[in-house]
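In: Need coordinates for the below:
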Amino acid sequence: MKAIERSFQEFVDAIYTANDEADLHKIAARLTHRLGFRWFAYLGLTQDASTLISSYPKSWTGRYFDLRYQQIDPVVRRARQQHELFSWGGGSPRAAGSRDQRRFFDEAMTFGISSGITVPVRGGFGRFAAFTLATDEPIAQAEQLLKKARDIVQLTGIYFHIHASARLGSPAVRRANAAVLTQREHQCLTWVTHGKTVADTAVLLDISPRTVVFHLENVRRKLGAVSMPQCVAMAMRRGLLT
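Out: Model (predicted):
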């Protein structure tokens, strides 16, 4: 297994154990450094609020929100307009956009933020998120990583978004979501996420395979999923799996 693939698998394993923002920060920062980047940033935006988990300098992130830079950030604006991940840095972001946008990028560079890769993530009802790996090196470093591991970078952003959304919901929301599933349905779904087959799950829970299938079908129906992979993803987004 390549070093990048091994680091990504360790990230996936670790993020399933994350309990709070501090855990998410530590796990993302470790993968960021292993991929050769200096910082990461996860920005979640809704109509009412912004969520940031980031290893950027706090002096920069504080200024970013105080001056409402999320409204003019050229990288965020680009991420809103496209679905594919992209690299940014050097002359490209600075050459386009308004004077305020160019000034924003110049200011970011004074904090060392020179280039990076951003993964746009679309959510329902106007929700939007972006996961970014950034560096103080030229854009060539970001483009080199994309050539070697484009799919891994994309999946990293999606995994982080799913787990951040699930972990950072309010306690009231988590309790309401948990009430959707019965204890047995939750147990069956949890074992599926750990790669267990129906037969494996039946043995672990001391029930028949037919009963396992029954509970999983109930979960799929309750969540409105068309397949078990989609069912697992929806359960994670709603905080039903920890």
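In: So for stretch 209-221, mean pLDDT?
Out: Stretch 209-221 comes out with an average pLDDT of 90.
In: begin at 50 from here
Out: Noted, 50 is the first residue going forward, which turns the last one into stretch 258-270.
In: contact partners of that stretch?
Out: Residues outside stretch 258-270 that contact it (CB atoms under 8 Å, 6 or more residues apart in numbering): 230-231, 233-234, 237-238, 241, 247-248, 250-251, 254, 275-277, 280, 284. For every residue, glycine as well, the C-beta is placed using N, CA and C.
In: let's go with 6 Å and repeat that
Out: Here stretch 258-270 makes contact (CB atoms under 6 Å, 6 or more residues apart in numbering) with 233, 234, 237, 238, 247, 248, 250, 251, 280.
In: Assess the claim that the last one and residue 274 are in contact.
Out: Read that as residue 280. Yes - look at residue 280 against residue 274 with CB atoms under 6 Å: they come within range, at 3.7 Å.
In: between the two, who's got more neighbours?
Out: Comparing residue 280 with residue 274 by other CB atoms under 10 Å, the one with more neighbours is residue 280, at 23 against 16.
In: Just the pLDDT for that one.
Out: Predicted confidence (pLDDT) for residue 280: 85.
In: got a list of what it touches?
Out: 268, 269, 272, 274.
In: The last one contacts residue 283, correct?
Out: This means residue 274. Yes - taking contacts as CB under 6 Å, residue 274 lies within contact range of residue 283: 5.5 Å.
In: quick check: domain ranges of the chain?
Out: Following automatic domain parsing, one gets these domains for the chain: 52-216, 220-286.
In: Can you get me the centre-to-centre distance for the shortest one and its chain?
Out: In other words, domain 220-286. 22 Å (CA atoms, centre = their mean, to the nearest Å).
In: Quickly note the distance from residue 102 to residue 89.
Out: Using CB to CB, to the nearest Å, residue 102 is found at 8 Å from residue 89.
In: These two: who's more crowded?
Out: Ranked by neighbour count (other CB under 10 Å), residue 102 and residue 89 place residue 89 first, with 26 against 19.
In: How is that one assigned, secondary-structure-wise?
Out: strand (DSSP: H, G, I helix; E, B strand; the rest coil).
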